[in-house]
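Asks: A structural model of the following input is requested.
(2 chains)
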There are 2 protein chains.
Amino acid sequence: MRTDRIENLRKRMDEAQIDCVVLFSNSDIRYFCDVDIEGALVITRDECRLFVSSLYFQKAEEELEENTVLSKSLDDIIEYLKTNKLKSVGFDFAKTTVKQLRAFDMFDIVDFSNQTLLLRAIKEREEINKIKRAAFAARNAMLKVYPTIKAGITEKELADELVYQLRKNGAEKEAFDTIVASGPNAAYPHHRPTDRRIQEGEFVVIDFGAHIDGYNSDTTYTFLIGKKTDELKELFNAVFYAQLFATEMIAPGRTTAKQIDERVRKELAKYNLDKYFIHSTGHGVGLDVHEFPFINPTNDMIIQPNMIFTIEPGIYIPNKLGIRLEHMVLTHENDTEVLAFAPFIEAM
Amino acid sequence: MRTDRIENLRKRMDEAQIDCVVLFSNSDIRYFCDVDIEGALVITRDECRLFVSSLYFQKAEEELEENTVLSKSLDDIIEYLKTNKLKSVGFDFAKTTVKQLRAFDMFDIVDFSNQTLLLRAIKEREEINKIKRAAFAARNAMLKVYPTIKAGITEKELADELVYQLRKNGAEKEAFDTIVASGPNAAYPHHRPTDRRIQEGEFVVIDFGAHIDGYNSDTTYTFLIGKKTDELKELFNAVFYAQLFATEMIAPGRTTAKQIDERVRKELAKYNLDKYFIHSTGHGVGLDVHEFPFINPTNDMIIQPNMIFTIEPGIYIPNKLGIRLEHMVLTHENDTEVLAFAPFIEAM
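Replies: Next comes the predicted model:
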């Protein structure tokens, strides 16, 4: 159990004036208990108690640290709260189903949304190292697959090899479903790999990540296959510079998330390409692939040191092409670092 | 859009006396619209309308059938309901977050839980064929990996090869995280593959599935590596017979889910092994890996023709070993069929 993390949450519980929180998210359970177990975690002022089903009981008993108490049945939560006279109970409404919440109708239910995400947005050294390991596993997998990215190979074949190499290079699994999108298919940001063969003169967008020890990576490369025309190079460079300038302008402690998003849009607008940028600029990466901070046009959050998030401008021209470049940025006290940077396969 | 499926849902809407339902589950959207798109689906008495973000708009526009209306923003739902004077709105409480529901506070919120799961529990011919394809892809992948299941290989190496073969044999991806658990690790039902090397005289539990075209498979094999002692054979056979007899006793239209579960426990009890069976007997498989019908000690649901579910007895002896055998059963009018049966690697 991470005592300091739990103490930080208790400060937020004090501010919200609640007796306890009930967390159902696997990522939250991992964050506070350091175990990969499904269940419900109850954190009170003086106890941290994990409720699991029989399926996970043995594992929990062996892996949980001493200062976490274990309960054998998920049904026992209500009784536990009553016995301990815990009245006001906080929940993350975005991570709790209506069904889960209804079981707590007899208590004072308090909206405690985003509180764990806010804590998790600032990464500890140990977390940074895990995310770096994931980023390097992904980079190394891409290096293995790189020579095969040629006209003739199908999207699915490429994705299959990449997933294999991810695992061979240390990933437990994909962080999310690998995207390989070629030619007109790349105009769909969330395209699923098909049997379409990659052709000369096309862009291929590859978006993938590694999952290691609970943590994730998330990067996207776009390759231009065969002859590089000036027109295609200009499109690529617009995205490349949008990513570069948005990354360079970050001053931890001062820059807001929406300023980064704005910088991307401003750069793409120079080429009249901003209308083809149909998603937000980025998102935090950690125990979840998408977490705080979200880099979008409305988020006022100030970027702090020790955050890790993606910067991923893209353009999507229907029936024609797509380009997306995504890297993960780690913020330091005064500057930023791109994780597992791979210039030789990104430059044009 | 699947008009007949939507009409079936509308009958249930009539019974519940609601004006519309709002569905957030990807599997439900796929079931009713035949697209692989994230969003929110609103089904009223005379319209079926999918609300998507800009990320999915182009894809939705191209793939949605004519009788589904598309709206470009998720924020438009409330306005749409108001404009159309839709007052009572049904939700599946197990698939809706508290945050999602709170946006609908001004409407009459009705508990419409499990209604799509009940429809989806009865598979159509087309769905059965997709699940069979997934089952055969998984079986074929296992056949490729089978010769390598020997002392010396690690759990992770086996899992990596199996996932690779799943994809090479037609799967888009794993249906869920592949489990390879050897020796004492097999005592954890949800073990994650480690670098532990498989040893002679051990059981290895391999639980995996293929995901194809939205549908899943889910099977578990247990192999005994090296010398088969009488003691280990007896343990294996107890599980094997529990699975066999529970499969054979099913009379579609008459047997309840809990009777199947009971049959498994009764068989294991003969060997005094029922105390080591720490989960339920099975679950439906389809667009979700776990769906209706759930085969557990409390479910009174009568098994109907054209259901597909797992039968997966297991025993888990802490610090010692684990055995689980899982196959998928398709029910016909009067009998049952085991999907992609592979006796040569299951028999002992």
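
Asks: switch to C-alpha atoms for all contacts and neighbour counts from now on
Replies: Noted.

Asks: find me the pLDDT at the closest residue to chain B within chain A, would you?
Replies: Chain A approaches chain B most closely through A:Thr97 (4.1 Å), counting by C-alpha to the nearest C-alpha. At A:Thr97, the predicted lDDT confidence score is 97.

Asks: now it, which residues is it bridged with?
Replies: Beta bridges link A:Thr97 to B:Thr97 when assigned by DSSP bridges.

Asks: what about it, how many residues close to it?
Replies: 21 (other C-alpha atoms under 10 Å in any protein chain shown).

Asks: same thing with A:Lys258?
Replies: Here the count is done by other C-alpha under 10 Å, and A:Lys258 has 21 residues near it.

Asks: please, which helix or strand holds it?
Replies: Element membership of A:Lys258, judged by DSSP states H and E, is helix A:257-270.

Asks: what's that helix packed up against?
Replies: Helices and strands touching helix A:257-270, by 3 or more C-alpha pairs under 8 Å, 6 or more residues apart in numbering or on different chains; DSSP states H and E, are helix A:230-248, strand A:291-295.

Asks: swap the cut-off to 10 Å and go again
Replies: Secondary-structure packing of helix A:257-270 (3 or more C-alpha pairs under 10 Å, 6 or more residues apart in numbering or on different chains; DSSP states H and E): helix A:230-248, strand A:282-284, strand A:291-295, strand A:308-311, strand A:314-317.

Asks: test my guess that the residue of chain A closest to chain B contacts B:Arg102.
Replies: No. Using C-alpha atoms under 10 Å, A:Thr97 makes no contact with B:Arg102, being 11.4 Å away.

Asks: quickly compare the helices and strands packed on helix A:257-270 and say which is most buried.
Replies: strand A:308-311 (a mean of 29; mean count of other C-alpha atoms under 10 Å in any protein chain shown).

Asks: CA atoms only for that strand - export them in CSV, please.
Replies: Presented in CSV, the C-alpha positions along strand A:308-311 are these (Å, rounded to 0.1, in the frame of the first residue of the first chain):
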residue,chain,number,x,y,z
ILE,A,308,3.3,12.7,-18.7
PHE,A,309,1.0,13.4,-21.7
THR,A,310,0.8,13.0,-25.4
ILE,A,311,1.0,15.6,-28.1
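
Asks: check whether it comes near chain B.
Replies: No. Strand A:308-311 stays clear of chain B (C-alpha under 10 Å from any C-alpha of the partner chain), getting no nearer than 16.4 Å.

Asks: try stretch A:136-143
Replies: No. Interface with chain B: stretch A:136-143 contributes nothing (C-alpha under 10 Å from any C-alpha), its closest point being 13.6 Å away.

Asks: how far is that stretch from where the chain is centred?
Replies: 17 Å (C-alpha atoms, centre = their mean, to the nearest Å).

Asks: same check, this time on stretch A:25-35
Replies: Distance, centroid of stretch A:25-35 to centroid of chain: 15 Å (C-alpha atoms, centre = their mean).

Asks: interface residues of the stretch 201-348 of chain A facing chain B?
Replies: Residues of the stretch 201-348 of chain A lying near chain B by C-alpha under 10 Å from any C-alpha: A:Phe277, A:Ile278, A:His279, A:Ser280, A:Tyr316, A:Pro318, A:Asn319.

Asks: switch to 6 Å and redo it
Replies: By C-alpha under 6 Å from any C-alpha of the partner chain, the residues of the stretch 201-348 of chain A that approach chain B are A:Ile278.

Asks: what does the stretch 1-150 of chain A give?
Replies: Looking at chain B, the residues of the stretch 1-150 of chain A close enough under C-alpha under 6 Å from any C-alpha are A:Ser54, A:Phe93, A:Ala94, A:Thr96, A:Thr97, A:Val98, A:Lys99.

Asks: switch the cut-off to 10 Å
Replies: With the criterion set to C-alpha under 10 Å from any C-alpha, the stretch 1-150 of chain A comes near chain B through A:36-37, A:53-59, A:91-102, A:111, A:113.

Asks: how about chain A, which residue sits the furthest from its center?
Replies: In chain A, counting by C-alpha atoms, centre = their mean, A:Thr83 sits farthest out from the average C-alpha position, at 38.0 Å.

Asks: next, the angle from the helix or strand hosting A:Leu162 to helix B:155-168.
Replies: If you go by DSSP H and E, A:Leu162 is part of helix A:155-168. The directions of helix A:155-168 and helix B:155-168 differ by 180 degrees, with axes from the mean of the first three to the mean of the last three C-alpha atoms, to 10 degrees as the criterion.

Asks: so what secondary structure elements neighbour helix A:155-168?
Replies: The contact analysis (3+ C-alpha pairs under 10 Å, 6+ apart) places helix A:155-168 against helix A:125-145, strand A:173-174, strand A:179-182, strand A:203-208, strand A:210-212, helix B:155-168, strand B:173-174.

Asks: run me through the strand neighbours of the last one, direction for each.
Replies: Yep, that's strand B:173-174 we're talking about. If you go by DSSP bridges, strand B:173-174 pairs up with strand B:210-212 (antiparallel).

Asks: so what touches the strand it pairs with?
Replies: If you take C-alpha atoms under 10 Å, 6 or more residues apart in numbering or on different chains as the criterion, strand B:210-212 is touched by B:130-139, B:141, B:163, B:166-167, B:169-176, B:178, B:216-219, B:286-289.

Asks: let's see that with 6 Å instead.
Replies: B:Ala134, B:Ala138, B:Ala171, B:Glu172, B:Lys173, B:Glu174, B:Ala175, B:Asn216, B:Ser217 (C-alpha atoms under 6 Å, 6 or more residues apart in numbering or on different chains).

Asks: tell me the pLDDT at the closest residue to A:His327 other than its chain neighbours?
Replies: Leaving aside its sequence neighbours, A:His327 sits nearest to A:Thr219 (C-alpha to C-alpha, 6 or more residues apart in numbering or on different chains; 5.0 Å). pLDDT recorded at A:Thr219 is 97.

Asks: quick one: contacts for A:Thr219?
Replies: A:Thr219 touches A:Asp207, A:Phe208, A:Glu326, A:His327, counting by C-alpha under 6 Å, 6+ apart.

Asks: can you give the distance from stretch A:304-312 to the centre of its chain?
Replies: 10 Å.

Asks: and it, average pLDDT?
Replies: Per-residue pLDDT over stretch A:304-312 has a mean of 98.

Asks: before we move on, what about stretch A:155-175?
Replies: Averaging pLDDT along stretch A:155-175 yields 98.

Asks: buried set for stretch A:48-62?
Replies: By 16 or more other C-alpha atoms under 10 Å in any protein chain shown, the buried positions in stretch A:48-62 come out as A:48-60.

Asks: these: which two are farthest apart?
Replies: A:Cys48 and A:Leu55 (20.3 Å; C-alpha to C-alpha).

Asks: show me how chain A divides into domains.
Replies: Domain assignment for chain A, taken from automatic domain parsing, gives A:3-120, A:125-345.

Asks: from the residues of the stretch 1-150 of chain A next to chain B, which land in helices?
Replies: A:Ser54, A:Leu55, A:Tyr56, A:Phe57, A:Gln58, A:Lys59, A:Val98, A:Lys99, A:Gln100, A:Leu101, A:Arg102 (DSSP state H).

Asks: got CSV for those residues, with distance to B:Val338 too?
Replies: Shown next, in CSV, are those (distance: C-alpha to C-alpha, whole Å):
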residue, distance to B:Val338
A:Ser54, 28
A:Leu55, 25
A:Tyr56, 29
A:Phe57, 31
A:Gln58, 31
A:Lys59, 32
A:Val98, 36
A:Lys99, 34
A:Gln100, 35
A:Leu101, 38
A:Arg102, 38
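
Asks: and of those, the nearest to A:Ser71?
Replies: Here the nearest of these to A:Ser71, counting by C-alpha to C-alpha, is A:Phe57; it sits at 8.4 Å.
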